[in-house]
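[1] okay, predicted coordinates and the sequence, questions at the end:
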Amino acid sequence: MRGAFDPVEVTRGDGPVVLGMPHTGTHIPDGIFARLNAEGRLLRDTDWHVDTLYEGLLPSATIVRATFHRYVIDANRDPAGVSLYPGQNTTELVPTTNFDGAPIWVAGGEPDAADIAARTGNYHKAYHQALADEIERVRATCGVAVLYDCHSIRSFIPHLFDGALPDMNIGTNEGATCSPALADIVRSLAAASPFSHVINGRFKGGWTTRHYGRPGEGVHAIQMELAQANYLMTEAPPFDYDPLRAARLRAVLKEIIGGLEDAAPALIAEARAQR
């Protein structure tokens with residue numbers, strides 16, 4: 001049944017890394033699903049199988065996953081509706097189009113202000129309350145929290161960016177959301193891998209990364225946007241997971257998030273030295 005579900009799933013770990021997954025969910029309440037058009041019902045812009053991609057890579061990690069789809073409301077957008085990338089094409093807090101700029105709602109079914117307010121309270125707030133609680137719990141028990149925000153996207157979306165997207169897109173909002181040492185760990189491991197990468201390119205980190213990343217307060221945040229061609233059989237319906245392709249990528253991701261965990265003691269020592 002589409003109408004009944006818990007909007008957030010939390011798996012608690014005892015380590016310093018928190019994996020945020022705002023866009024892997026596919027649940028849509030019946031009343032909202034009925035208002036989507038044929039294109040919207042494809043759920044094309046899902047971060048397909050990202051939870052499977054990271055499964056088991058860091059058993060000590062805490063995972064906070066939104067189960068609702070981003071067409072219900074985008075948990076990685078500013079709840080005030082402020083654009084992450086002013087002047088560039090993007091989608092809204094409650095999207096009216098997909099990433100290609102095509103409408104996703106039937107005529108007259110577009111979300112209005114009351115819809116957006118209700119969804120913000122029921123879903124967006126629920127996800128971020130759970131995420132904030134887990135970040136604070138981890139920081140209190142481990143001395144530091146490292147939020148690694150897990151994302152993926154199609155490799156070619158002319159409406160959003162030119163040409164092919166690099167395989168790994170690392171976002172730290174130009175270095176503001178995490179220690180330079182953490183950014184260097186992710187960048188160096190990506191550079192040593194068989195995958196292309198960029199840091200603070202088209203994707204500099206969404207609202208989640210920018211909102212929670214407070215290195216001076218012991219909370220570091222970094223976003224990883226992956227090109228789906230590296231782990232899906234196809235970037236078109238039915239968006240099936242490809243275990244063979246995924247295995248190569250999983251090996252690199254395991255090194256990256258393991259490296260973030262290993263860096264925690266140094267981050268704590270650095271913070272103490274600055275007091």
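    Arrived safely. Residues are numbered from 1 along each chain as shown.
[2] where's V146, which helix or strand?
    Secondary structure from DSSP states H and E places V146 in strand 145-153.
[3] ditto for V138
    Using DSSP H and E, the element containing V138 is helix 125-142.
[4] name the helices or strands packed onto that helix?
    Where contact means 3 or more C-beta pairs under 8 Å, 6 or more residues apart in numbering; DSSP states H and E, helix 125-142 is packed against strand 8-11, strand 17-21, strand 62-66, strand 145-153, helix 207-212. Every C-beta, even on glycine, is put in place using the N, C-alpha and C of the backbone.
[5] list the buried residues of the longest one.
    Spelled out, it's strand 145-153. If you call a residue buried by 16 or more other C-beta atoms under 10 Å, then strand 145-153 has these buried ones: 145-153.
[6] assumed A246 was part of a helix.
    Yes: checked against DSSP: H, G, I helix; E, B strand; the rest coil, A246 lies within a helix.
[7] gap between it and T96?
    Note on A246: its distance to T96, by C-beta to C-beta, to the nearest Å, is 32 Å.
[8] neighbour count for the two, which is higher?
    The residue with more neighbours, out of A246 and T96, is A246; 17 against 14, by other C-beta atoms under 10 Å.
[9] sketch out the low-pLDDT regions of the stretch 151-275 of the chain for me.
    Low-confidence segments of the stretch 151-275 of the chain, defined by pLDDT under 70: 272-275.
[10] helices of that one, start to end?
    Counting by DSSP state H, counting those that start in this stretch, the stretch 151-275 of the chain has these helices, from start to end: 180-191, 207-212, 243-262, 264-274.
[11] can you spell out which helices and strands pack onto the third one?
    This points to helix 243-262. Secondary-structure packing of helix 243-262 (3+ C-beta pairs under 8 Å, 6+ apart): strand 17-21, helix 50-54, strand 145-153, helix 180-191, strand 219-227.
[12] now distance to A118 too, for these, in JSON lines please.
    JSON lines is the format used below for the helices and strands packed on helix 243-262 (distance: least, C-beta to C-beta, whole Å):
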{"stretch": "strand 17-21", "distance to A118": "23"}
{"stretch": "helix 50-54", "distance to A118": "26"}
{"stretch": "strand 145-153", "distance to A118": "25"}
{"stretch": "helix 180-191", "distance to A118": "37"}
{"stretch": "strand 219-227", "distance to A118": "27"}
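[13] now do E255: how many residues are near it, please.
    Other residues lying near E255 total 17 when counted by other C-beta under 10 Å.
[14] buried ones in stretch 161-173, by neighbour count?
    Buried residues in stretch 161-173, counting neighbours by 16+ other C-beta under 10 Å, are found at 161, 165-173.
[15] turn those into JSON lines, columns for distance to D45.
    Formatted as JSON lines, the entries for the buried residues of stretch 161-173 read as follows, by distance: C-beta to C-beta, whole Å:
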{"residue": "F161", "distance to D45": "14"}
{"residue": "L165", "distance to D45": "14"}
{"residue": "P166", "distance to D45": "19"}
{"residue": "D167", "distance to D45": "19"}
{"residue": "M168", "distance to D45": "19"}
{"residue": "N169", "distance to D45": "16"}
{"residue": "I170", "distance to D45": "21"}
{"residue": "G171", "distance to D45": "18"}
{"residue": "T172", "distance to D45": "23"}
{"residue": "N173", "distance to D45": "22"}
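[16] nearest to A117 among those residues?
    N173 (27.3 Å; C-beta to C-beta).
[17] now for the closest one: which residues touch it?
    200, 204-205, 209-210, 213 (C-beta atoms under 8 Å, 6 or more residues apart in numbering).
[18] state the distance from it to P237.
    For N173, the distance to P237 under the criterion C-beta to C-beta works out to 33 Å.
[19] if we can go back for a sec, just how off-centre is the helix holding V138 within its chain?
    16 Å (C-alpha atoms, centre = their mean, to the nearest Å).
[20] what does that helix rub up against?
    Under the contact criterion C-beta under 8 Å, 6+ apart, helix 125-142 has outside partners 7-8, 10, 12, 14-16, 18, 20, 22, 62, 64, 66, 68, 75, 79, 145, 147, 208, 211-212, 218-219, 264.
[21] between the two ends of stretch 103-119, how far is it?
    With C-alpha to C-alpha, to the nearest Å as the measure, stretch 103-119 spans 19 Å from end to end.
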